[in-house]
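Peer 1: Can you look at this prediction? I've put the sequence above it.
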Amino acid sequence: MNNINRGAVILGARALAVVIFILGALVMLVPLVIFSVCDGAQAVEAGAHGGLHACNNTLYAEIVMSVFVMITGVYVLIRPIGHIVANASIWVIVLAVIVGLLPMAVTGVCTMPSMACRNGTVPGLVVVSVLMIISGIWGSMTVRSQASAAERAMPPGTVRTEKKRPKEPPKSDPPGGLKGIPGFPG
């Protein structure tokens, strides 16, 4: 690949990394700030029983997931290499599925339909999850198209080969050899 194509590849990977990081921050901000879940006192005022609800478990689980997503974005930003971007894209898709399933199937949210976690947090996390899946697919497609462009840029008749490692010399016997040791031929 020439330097212009390589620069475009790195720029695309870094743009993907920034998008992944922002989406990771949104995973944290949706239940924490944007559509904040209740702290238990709001639920008591609304007529529910006291104490923490399942939506608080969702909040803590989504904070952990957001840290994983943001670390993935930072890693792609630091190392914008094709196979790392491809693996990170797949990892982001897996994390997106988990982010979407946490409030609906794993940790759950409040059972009262009028609560903010049901009306705001769950739809917000689903939207962020879908955006993460789209960015993961975008990253996978970008890496694939860049790899095929690099192969098309090769001169006709060139066969793509892997670098051959030099053969290691055969291992010799230790000094003095094994000769003279009972049980060994020699």
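Peer 2: Right, received. Where do you want to start?
Peer 1: Only C-alpha atoms from now on, for both contacts and neighbour counts.
Peer 2: Noted.
Peer 1: which residues sit against the helix or strand encompassing Glu62?
Peer 2: Secondary structure from DSSP states H and E places Glu62 in helix 54-78. Contact with helix 54-78 is made by 13-14, 16-28, 31-32, 37-39, 84-85, 88, 92, 95, 99, 102-103, 107-110, 117, as judged by Cα atoms under 8 Å, 6 or more residues apart in numbering.
Peer 1: List only those of those flagged as buried.
Peer 2: With neighbours counted by 16 or more other Cα atoms under 10 Å, the contacts of helix 54-78 contain buried members at 13-14, 16-28, 31-32, 37-38, 84-85, 88, 92, 95, 99, 102-103, 107-110, 117.
Peer 1: Next step: these restricted to helices.
Peer 2: 13-14, 16-28, 84-85, 88, 92, 95, 99 (DSSP state H).
Peer 1: what's the weakest-modelled helix or strand in this structure?
Peer 2: helix 41-45 (a mean of 51; mean pLDDT, DSSP states H and E).
Peer 1: Could you give me the buried positions within the helix or strand harbouring Val143?
Peer 2: Element membership for Val143 (DSSP H and E) is helix 122-152. Within helix 122-152, the residues scored as buried using 16+ other Cα under 10 Å are 122-126, 128-137, 139-140, 142-143, 146.
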